[in-house]
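>>> give me a 3D structure for the following:
(one chain, ligands or ions: 1)
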Amino acid sequence: MVTINNLRVAYGDKVALSITDSLTFDEGDRIGIIGSNGAGKTTLVKSILGVTPYKGSITTSLRQDEMAVHLQENNYVDSMPIRYIIEGVLNKSIKKEKKLQDLIQFFDMGGCLNKKFSALSGGQKQRMTIILVLLQDAKLTFFDEVTSGLDFETRQQLIHKLQEWYQDKGATICMVSHYYEELDHFVNKILILDEGKVIDFGTKEELFRKYCQHAIIILDNTPGNQEITKGYDTIAAPEHLIALVCQNEKAEIAIMQNLIEHDINFKRSNRDIEIMSINALQGGGKHAY
Ligand SMILES: Nc1ncnc2c1ncn2[C@@H]1O[C@H](COP(=O)(O)OP(=O)(O)OP(=O)(O)O)[C@@H](O)[C@H]1O
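This next block holds a predicted model:
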């Protein structure tokens, strides 16, 4: 659906993106794009959309109007009831457009239509923009930090709604996010960027196996837990955690039995995107896909 080759984007002297290998997004992919601030995530989205000049090639079977985007920041007229913003942006009447009515109902925005944009909560503001984006029914949709600035519960609700909306649809989605738990539920592939370069790209399962093996056991990084886990293989984890790596089921059962005997709380995971990506980033060039 989209193939990228030798992509390079620079802002003045600063190279924001340099993708040397070929990168392909297939139809139906749900791709999570992760990377720290300034990694080039938004630049990649804008390049594919054709709104940022680049060198190299991006080939796609899609027309421009078959792609939609939800960008990080959206500015609307603050003092206007959102009913008129929605109708003005779409050039459609809510009364006459069944699909638009369905979306408004689905995202529970019917009661807000007469409110000014400035009077909406953060979650309602995001939902309004999402309605505008989803109405396009695009073959490829980008969500760039769609939940940024929202509290945990509102983020969860929004992602849950998006998931529900897309569950029977074959649409291709690219979601840029710093929130790993959101991506865990929403995407099947992960693209890891760092300083403008691709660190890895693959299915969640492939990448987890590559960097974390069969499973990991995660526990608090306390002196007591450090002592008990001394003989085990660990991989990189956020500072407050210890991640024990298990090569196979037998090994994980042995570790878990030992932890249970010592009355230690732990979490077992075979899909932790955060720990996988920390290890992918540490592997750097060694693991480059
Ligand atoms: N219009 C611009 N002019 C100059 N530099 C830019 C511009 N847009 C982005 N950059 C720079 O390019 C690099 C990549 O930016 P980009 O916005 O793509 O990163 P990102 O991964 O989306 O970051 P974030 O998570 O903070 O949104 C950064 O160093 C950024 O400062």
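
>>> and the biggest helix by length in the chain, what does it pack against?
Scanning the chain for the longest helix, with DSSP state H as the assignment, gives helix 152-166. For helix 152-166, the elements it packs on are helix 122-134, helix 180-186, judged by 3 or more Cβ pairs under 8 Å, 6 or more residues apart in numbering; DSSP states H and E. Any C-beta I mention is one placed from the backbone N, CA and C, and that applies to glycine too.

>>> any low-confidence regions in this structure?
Residues of the chain meeting the criterion pLDDT under 70: 72, 74, 284-289.

>>> which bits of it sit near the ligand?
Contact residues (Cβ under 6 Å from any ligand atom) of the chain with the ligand: 11, 14, 16, 35, 37-43.

>>> type out the ChimeraX command that picks the buried ones from the residues you listed.
The following ChimeraX line selects those of the residues of the chain next to the ligand that are buried, judged by 16 or more other Cβ atoms under 10 Å:
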select :16,35,39,40,41,42,43
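
>>> next, give me the two most distant ones among the residues of the chain next to the ligand.
Within the residues of the chain next to the ligand, Y11 and G35 form the most distant pair, 16.8 Å apart (Cβ to Cβ).

>>> looking at this, K250 is in a strand?
No: K250 sits outside any strand when classified using DSSP: H, G, I helix; E, B strand; the rest coil, being helix.

>>> so F201, which of the three states?
With three-state DSSP as the basis, F201 sits in strand.

>>> just the one 5 residues further on next, same as before
For E206, the secondary-structure state derived from three-state DSSP is helix.

>>> including distance to S148 and secondary structure, could the residues of the chain next to the ligand go into CSV?
Shown next, in CSV, are these (distance: Cβ to Cβ, whole Å; DSSP: H, G, I helix; E, B strand; the rest coil):
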residue, distance to S148, secondary structure
Y11, 22, strand
K14, 23, strand
A16, 20, strand
G35, 15, coil
N37, 12, coil
G38, 15, coil
A39, 15, coil
G40, 17, coil
K41, 12, helix
T42, 12, helix
T43, 17, helix
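
>>> show me the domain layout of the chain.
For the chain, automatic domain parsing gives the domain ranges 2-202, 207-287.

>>> let me see the contact set for the residue of the chain most remote from its centre.
For the chain, the residue at maximal distance from the C-alpha centroid (Cα atoms, centre = their mean) is E261, at 37.7 Å. Residues near E261 by Cβ atoms under 8 Å, 6 or more residues apart in numbering: none.

>>> gap between it and L158?
42 Å (Cβ to Cβ, to the nearest Å).

>>> likewise K250?
Distance of K250 to L158, given as Cβ to Cβ: 41 Å.

>>> so those two - more neighbours on which side?
L158 (20 against 10; other Cβ atoms under 10 Å).

>>> quick check: closest non-adjacent residue to that one.
Closest residue to L158 apart from its sequence neighbours, by Cβ to Cβ, 6 or more residues apart in numbering: T147 at 5.6 Å.

>>> burial count for the one you found?
T147 has 23 neighbouring residues, counting by other Cβ under 10 Å.

>>> my read: it touches E182, true?
Yes: assessed by Cβ atoms under 8 Å, T147 is found in contact with E182 at 6.5 Å.

>>> hey, what's in contact with both of those two?
155, 159.

>>> quick check: which of the helices and strands packed on helix 152-166 is buried the most?
Highest mean neighbour count among the helices and strands packed on helix 152-166 (mean count of other Cβ atoms under 10 Å): helix 122-134, with a mean of 20.

>>> what's in contact with the next helix or strand after that one?
Next helix or strand after helix 122-134 toward the C-terminus (DSSP states H and E): strand 140-144. Strand 140-144 has contacts (Cβ under 8 Å, 6+ apart) with 1-2, 25, 41-42, 45, 48-49, 60, 62, 66-72, 133-134, 162, 171-177.

>>> over to stretch 205-224?
Contacts of stretch 205-224 (Cβ under 8 Å, 6+ apart): 190, 192, 200, 202, 225, 229, 235, 237, 239-249, 251-252, 255-256, 259, 264-272, 275-276, 279-280, 283, 287.

>>> for it, list every residue counted as buried.
Quick answer for stretch 205-224 (16+ other Cβ under 10 Å): 207-208, 210-213, 215-219.

>>> what's the end-to-end length of it?
32 Å (Cα to Cα, to the nearest Å).
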